[in-house]
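Trainee: Here's a sequence, model it:
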Amino acid sequence: MIESDRLLVGRSPGHPTHVFDPATDRLSALSGRSEAPPDFAAKRDEALAARRTGVYAVDVLGDARSYPNLKALLIGTLRRLADRDPDFLDRLQGERGRTRGLVARSKIDLFDKAHLAEKHAAPLDGEWWVNTNNSKDQVKRWLGVMARVAGLELGRDLRWSF
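Mentor: A predicted model of the protein is given here:
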């Protein structure tokens, strides 16, 4: 809730618990006692990591696993296939979608613009990056490409449900 010279914050707009004063750059409890500001960045990162946007499952050679979102599904499946075959990511790096690839050794190699690389490239492990800017249909296409590159039969060895 915004007042003329301060911002009231809390768990819901109707029940503020703290007041932020931009003039002094301080966050205080409404009761008047001063409190340290919460670690908003850590809470945001924790919420994003746990954000469940649906039910997404992938079965690789009879080992079915579910994931909270498409990004986690894509990264989890890539890791599983890379663990199974050490050369998998090298072969997959040569595959391209309409405009970009799925994995690269450098995040700038995934995108032609640095701001996109910063926003949409996620670390896969110590030396690989993955493009996380994919729609549901694109993820399905990438799963098909991953099956082919891994030598798996789509629909039998690699299946998904979402």
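Trainee: what about the residue nearest to residue 93 when sequence neighbours are not counted, distance to residue 125?
Mentor: Leaving aside its chain neighbours, residue 93 sits nearest to residue 103 (5.5 Å; criterion: CB to CB, 6 or more residues apart in numbering). For every residue, glycine as well, the C-beta is placed using N, CA and C. For residue 103, the distance to residue 125 equals 10 Å [CB to CB, to the nearest Å].
Trainee: Among the two, which residue is more densely surrounded?
Mentor: The neighbour comparison of residue 103 against residue 125 (other CB atoms under 10 Å) goes to residue 103, with 24 against 13.
Trainee: contacting residues around the more buried one?
Mentor: By CB atoms under 8 Å, 6 or more residues apart in numbering, the residues touching residue 103 are 78, 89, 92-93, 110, 124, 128-131.
Trainee: What does the pLDDT read for it?
Mentor: Here, the pLDDT recorded for residue 103 equals 98.
Trainee: what sits against the residue most central in space within the chain?
Mentor: Nearest to the mean C-alpha position of the chain, counting by CA atoms, centre = their mean, stands residue 71 at 4.7 Å. Contact analysis of residue 71 by CB under 8 Å, 6+ apart lists 122, 132.
Trainee: Understood, closing this out.
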